[in-house]
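Peer 1: Predicted structure and sequence below. I'll ask about it afterward.
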Amino acid sequence: MRRTGYVLWAAWLTGAWLYGAEISADQDISQLLARYKDVKELYHKTKVESAGLLTLYTRSDLEKMQIYHLKDILKSLRFFNYQEGYVGESALSPSGGRSVVSPFFRLYIDDHEISSAIYGSAMLQFGQMDLGFVDHIEIYEGGNAVAFGNEPGLVTIRLYSKEAANERGNGVGVCGDTRGSVTGRGLVTALSKDERSALMLYATASRERREKVKTRQRRYSKDSHGGSFYGTYAFGKRVWVRAGYFRKRQDAFVGVGLYHRPEDPNEVENDHAFIAATFRLPSRFVLKLSADRSRNEMTFSDEDGIRIVQSDGELFHRFDGRFDEAVLKAQLNRRHRHEKGEFFWGIEAIRKSYDVVRMRMDRTYYREQTGPDRLFIFSLFAEERYHIDPWNLLIGTLKADRYSDNDRSGTRYEKIARVGYIHLFSKKWKLKLFASRTYLYPGFAYTSTFPNLFYANPRLGAEHHDMGIGELGYDGTHGYGSVGFAYNRTMDHIRIDPYRLTFVNDTKDYTGMRYFIKAGYRFDALNRVEAEWYLTDPMSGGMEVRSSLRGGYVRCINTVGAFDFFNELVYRSGYTYPLPDFLGGAIGIDPGYDWSAGVRWHLNHALTLSLKGENILDKAVKTPIFGVGGVNAVDRRFLVNMEYFF
């Protein structure tokens, strides 16, 4: 099967190259329309080159690649590995590092940052979110860019929703796969006669059937069902209101028992709701207000027993808990354009709250809550973009944050500093360099009562990072590509003290280097092929390798008449995940070859049918789970999708 897959993929790539070299004349009109559409693409208005190294997925890319979920993008993200943990949660591990859900990543939907007071990142809830409402995606590396107004992070992922003015009208869609999953989607758009007001509503409901992992003793499941809603309302160019609701209920995979022998019930459920408003005020002031609320429920049962720190060393067989969180934000900013560039400044206030609604072990309720459950953040930030001349741009960023909580742990001050330089050698060649000092602040899961194997540490400090990142890029009429590097020095690394069984800040510093190269060729406006490769030097300081150090992809996107085709092969290197003998010893992970391919058929202006295969070779890199071994984060499956617009 593996050899056959390689032959098929190589044949397709060769065919695409030959087709691109001798494209037929009857597609000239299609190419002209594609170029016209590209000029009108929304990403031309939203991308910010000075925010860091940019990876862009346009509307055309998302449609042709049949990107249905966020993880379809994350699995090929350079320098990172997409994984799914012990209860099926989504997580990203830095190349060579362990799987984490941390404030490393900041996730946006339009202008609104989706945050988590408990974990510090929304990846746990949103790594598998549906993307049917998304127009395009921008991913920025290079430290914190305060132009986005986000909390500290190292990578920013921005999802931009579809706009009513650019849509064909209303639409419905249904998708099913070979494992029995079914998803229904609906899109409604409305535009006022004077085009001053616009409305977009999107809703989805899904039942997802995942690959079952079988061992001699158990059959583990990550099946889930849920739904989502997202809506935007724009009044002229002055007021934008956005609201969303996302809900998911999922089987908790191997669970949290000592030896992973879960029994029913074994599930997790979370929902997240938000509303955000942006107001453009006189004198170029912008006011942003938002409110988020999440509910996280979990029920675990295990025949061998469950142990967490709150059980005082005792084993129990069932855990039932509910944990709520809320985030309120208010931001006022202003852009001042001057002869040589732009100065951006603002203030922001954030209130995060956390509530242990219920925590029961067997029939015993745990009522004591330790650590803070309220966190207040006040920030001042500024960024200058200064054009020395038309070919040279300097960027300078400063941000000061004040943290205080209700646990009397004192007031803490953190800062972010960032400098950047962009040089245009010509219309085709460009150099980007960024250096930053930033930090990652721990969430309530590390500082307050939470069901964990380790004690919370209310005095836990922030993790600090020094970063340097650069890219030399070329973008010609047909060929394009780039080479780059990323340097990271981690200080005050948050780790587990094995003797005190609590979270602490490490006294060691860890440094690492990453390198990448990317090259592509556009045959025309409709057809291209590209490839990327990266490698990571293991971090100095004694940190063990816990995920792939090397990776890359080859991607081919084509259009032939009424058909769109794509092929993608994502590679991740193998490694050995270290584990002590009493947990079964080290787990060997083979190199991963995740081949996906698809075709879309535009029957007419209103109706589109699609077929897609994911992880066709069943060789995608696996996630190490002790007691089970390597487990797929990307299932092997085939999908059929229908979209109809009216």
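Peer 2: That came through, no problem.
Peer 1: make it CA atoms for all contacts and neighbour counts henceforth
Peer 2: Noted.
Peer 1: Low-confidence ranges, the stretch 101-250 of the chain, go.
Peer 2: Confidence mapping of the stretch 101-250 of the chain against pLDDT under 70 gives the ranges 101-102, 123-124, 143-145, 147, 149-150.
Peer 1: hey, what's His272 bridged with?
Peer 2: Note on His272: beta-bridge partners Phe246, Ser294, judged by DSSP bridges.
Peer 1: any idea how far it lies from Lys518?
Peer 2: The gap separating His272 from Lys518 is 37 Å, by CA to CA, to the nearest Å.
Peer 1: cool, and His225?
Peer 2: Counting by CA to CA - His225 and Lys518 are separated by 38 Å.
Peer 1: circling back to that earlier point, more crowded one of His272 and Lys518?
Peer 2: Neighbours were counted for His272 and for Lys518 using other CA atoms under 10 Å; His272 has more, 23 against 18.
Peer 1: For Arg522, list the residues it contacts.
Peer 2: 477-479, 528-529 (CA atoms under 8 Å, 6 or more residues apart in numbering).
Peer 1: Neighbour count added to these, as a markdown table?
Peer 2: Output for these, formatted as a markdown table (neighbours: other CA atoms under 10 Å):
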| residue | neighbour count |
| --- | --- |
| Thr477 | 10 |
| His478 | 12 |
| Gly479 | 16 |
| Arg528 | 21 |
| Val529 | 22 |
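Peer 1: which ones among the residues you listed are found in strands?
Peer 2: Those of the contacts of Arg522 mapping onto strands are 479, 528-529, per DSSP state E.
Peer 1: And for Pro624, nearest residue in space, chain neighbours not counted?
Peer 2: Ranked by CA to CA, 6 or more residues apart in numbering and with sequence neighbours excluded, the top spatial neighbour of Pro624 is Gly630, at 4.5 Å.
Peer 1: nope, Arg185 is what I meant
Peer 2: Leaving aside its sequence neighbours, Arg185 sits nearest to Thr204 (CA to CA, 6+ apart; 4.4 Å).
Peer 1: And for the nearest residue to Ser197 once chain neighbours are set aside, the neighbour number?
Peer 2: Among residues not flanking Ser197 along the chain, Phe235 sits closest, at 4.5 Å (CA to CA, 6+ apart). Using other CA under 10 Å, Phe235 is surrounded by 15 other residues.
Peer 1: Let me see the ranges of the strands in the stretch 301-450 of the chain.
Peer 2: Here the stretch 301-450 of the chain has its strands, by DSSP state E, counting those that start in this stretch, at 316-338, 341-361, 364-365, 374-389, 392-405, 412-424, 429-440.
Peer 1: re the thing from before, please tabulate the contacts of Arg522 in a markdown table, including the columns distance to Val419.
Peer 2: Formatted as a markdown table, the contacts of Arg522 follow (distance: CA to CA, whole Å):
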| residue | distance to Val419 |
| --- | --- |
| Thr477 | 31 |
| His478 | 32 |
| Gly479 | 30 |
| Arg528 | 34 |
| Val529 | 34 |
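Peer 1: Against Asp355, how distant is Arg367?
Peer 2: Using CA to CA, Arg367 is found at 11 Å from Asp355.
Peer 1: who's more crowded, the two?
Peer 2: Ranked by neighbour count (other CA under 10 Å), Arg367 and Asp355 place Asp355 first, with 18 against 11.
Peer 1: quick one: pLDDT of the closest residue to the more buried one other than its chain neighbours?
Peer 2: Nearest residue to Asp355 in three dimensions, chain neighbours excluded: Asp324, at 5.2 Å (CA to CA, 6+ apart). We have a pLDDT of 95 for Asp324.
Peer 1: Quick check: beta-bridge partners of Asp324?
Peer 2: Beta-bridge pairing for Asp324 (DSSP bridges): Arg295, Asp355.
Peer 1: Report the contact partners of it.
Peer 2: 293-296, 354-357.
Peer 1: Can you select the buried ones from those residues in PyMOL?
Peer 2: Typed into PyMOL, the line below selects the buried ones among the contacts of Asp324, using 16 or more other CA atoms under 10 Å:
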select buried, resi 293+294+295+296+354+355+356
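Peer 1: quick one: which of the contacts of Asp324 is nearest Asn266?
Peer 2: Asn296 (14.1 Å; CA to CA).
Peer 1: Report the separation between that closest one and Glu348.
Peer 2: Applying CA to CA, the value for Asn296 to Glu348 is 27 Å.
Peer 1: sorry, back to before: can you list the ones in strands among the contacts of Arg522 in JSON lines and add distance to Tyr553 and pLDDT?
Peer 2: Shown next, in JSON lines, are those (distance: CA to CA, whole Å; pLDDT from 0 to 100):
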{"residue": "Gly479", "distance to Tyr553": "17", "pLDDT": "96"}
{"residue": "Arg528", "distance to Tyr553": "14", "pLDDT": "96"}
{"residue": "Val529", "distance to Tyr553": "11", "pLDDT": "97"}
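Peer 1: If anything else comes up later, I'll come back, but that's it for now.
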